[in-house]
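# All I have is the shape, not the residue letters:
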């Protein structure tokens, strides 16, 4: 297909599976999406700023060849099996989802931390959907402590051990450098099947909303599709009075 081969204004493309006969002005693209995007295509897009793909089988065919995307700032991966092939030194936003996958992977947190460490990037925003966030304490701690640049954290229908996450983010060892999270969003369930707000989740919000050495004050928190006890509601009201913007879609229970 050559219909768009000579398109000087083309900056964005979403390509289907089996794009081997697709001819595009790859070098001028800044946004790319699609399935099974190959390493050869990525190497032809030096100014790629945003990448969105479902699975990555074609990329991981080259496990020992690192693809360094110098302009990439935003990455969205659905059901990706590996990110070991990628370096993105200017990556600012990462969204990973397993909501459409057949299984969660306990190594996902390590994979994300490894990408950030290998790239040397200042990741600002991390969004996780349908993932196992609390299954591995060491990987979770590496993820949280290892991304001090993080400003926004979003968890959508993730398996989270809140007592573990709260203990990592609110440590007794004050010498550790923690992320300056300012915006925190959690989706606990579906509208017709909401989750319950645990006291350790509120513990986490209370810690993050209290400015301290090495920790910026949390500015906003969104709690979506959640059932909140009266005690939890009172604690959230106290946080609101102290200046935290708390938005929630919830039902109360006694």
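Thanks, I have it. Note that the structure is predicted; figures quoted are calculated from it, not measured. Numbers count the residues shown, from 1 in each chain.

# What segments of the stretch 151-254 of the chain are strands?
Using DSSP state E, counting those that start in this stretch, the strands of the stretch 151-254 of the chain run over 152-156, 183-187, 195-196, 220-229, 245-253.

# Residue 202 is nearest to which of these?
Taking Cβ to Cβ, strand 220-229 is the member of the strands of the stretch 151-254 of the chain nearest to residue 202, at 9.2 Å. All C-beta spots, glycine's among them, are computed from the backbone N, C-alpha and C.

# quick check: mean pLDDT across the closest one?
Here strand 220-229 scores 88 as its mean pLDDT.

# Please apply the same query to stretch 142-153.
On average, stretch 142-153 scores 81.

# Same list (the strands of the stretch 151-254 of the chain) but as TSV, adding distance to residue 41.
As requested, the strands of the stretch 151-254 of the chain are exported to TSV (distance: least, Cβ to Cβ, whole Å):
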stretch	distance to residue 41
strand 152-156	29
strand 183-187	33
strand 195-196	40
strand 220-229	36
strand 245-253	40
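
# got a markdown table for those strands, with mean neighbour count too?
Compiled in a markdown table, these are given as follows (neighbours: other Cβ atoms under 10 Å):
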| stretch | mean neighbour count |
| --- | --- |
| strand 152-156 | 19 |
| strand 183-187 | 19 |
| strand 195-196 | 16 |
| strand 220-229 | 19 |
| strand 245-253 | 13 |
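
# Residue 86: neighbour count?
The number of residues packed near residue 86 is 23, by other Cβ atoms under 10 Å.

# Relative to residue 197, how far out is it?
36 Å (Cβ to Cβ, to the nearest Å).

# for residue 66, same thing?
Distance, residue 66 to residue 197, by Cβ to Cβ: 42 Å.

# Those two: which is more packed in?
Of the pair residue 66 and residue 197, residue 197 is the one with more neighbours under other Cβ under 10 Å, namely 25 against 12.

# so who does that one touch?
Residue 197 makes contacts with 188, 223, 226-229, 232, 250, as judged by Cβ atoms under 8 Å, 6 or more residues apart in numbering.

# Could you rerun that using 6 Å?
With contact set as Cβ atoms under 6 Å, 6 or more residues apart in numbering, residue 197 has these partners: 226, 228, 232.

# And the first one, how far from residue 184?
I take that to be residue 226. 13 Å.

# again with the second one
Relative to residue 184, residue 228 is positioned 16 Å away (Cβ to Cβ).

# ok, now the last one?
Between residue 232 and residue 184 the computed distance is 16 Å (Cβ to Cβ).

# residues in contact with the helix or strand hosting residue 75?
Taking DSSP states H and E as the definition, residue 75 sits inside strand 74-78. Strand 74-78 is contacted by residues 50-52, 54, 93-97, 100 when judged by Cβ under 6 Å, 6+ apart.

# one more time with 7 Å
Applying Cβ atoms under 7 Å, 6 or more residues apart in numbering, the external contacts of strand 74-78 come out as 49-54, 88, 91-97, 100.

# All set now, cheers.
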